[in-house]
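Student: Below: sequence and its predicted model.
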Amino acid sequence: MPDADLEPEPLDPGQIVAGSPEVSGKVVWESADGRRIRGIWQITPGVVTDTEADEMFVVISGSATIEVEGRPALTVGPGDLAVLREGDRTTWTVHETLRKAYEITL
């Protein structure tokens, strides 16, 4: 799925710290109860903040530094796996357009 067609997912302007990042994504699977979602997500360079869901992801391409409030920053690139916890407050500095495959549990 590295070349999957993605749909625009407009960011809340309040999340943008620097630059003009654009987000797109595609859900590729959802559990019957809607509590588990798998998909592809992409963000162009810039700096954004977020409050995370319970998520595991693998970077397909690109790179970013993810600052997680109260934890060491993560720098991720192709092939890296990361886990974010529900409620984590993050700041993403995207160096090169980042595309990831993810699973979220709600």
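Tutor: Received, thanks. Every value quoted in this text rests on a predicted model; they were computed, and no experiment measured them. Residues are numbered from 1 along each chain as shown.
Student: Could you check the lengthiest strand in the chain and say which residues are buried?
Tutor: In the chain, with assignment by DSSP state E, the single longest strand is strand 89-105. Neighbour-count burial for strand 89-105, counted by 16 or more other Cβ atoms under 10 Å, picks out Thr90, Thr91, Trp92, Thr93, Val94, Leu98, Arg99, Lys100, Ala101, Tyr102, Ile104. Where C-beta positions appear, they are placed from N, C-alpha and C, glycine not excepted.
Student: Glu69 contacts Arg85, correct?
Tutor: No. Assessed by Cβ atoms under 8 Å, Glu69 is found out of contact with Arg85, at 10.9 Å.
Student: Now do the phi/psi pair for the residue nearest the centre of the chain.
Tutor: The centroid of the chain falls nearest to Trp41 when counting by Cα atoms, centre = their mean (6.0 Å). Main-chain torsions, Trp41, degrees, to the nearest 10: phi -140, psi 140.
Student: one step back: which among the buried residues of strand 89-105 gets closest to Thr75?
Tutor: Nearest to Thr75, judged by Cβ to Cβ, of these is Thr93 at 9.2 Å.
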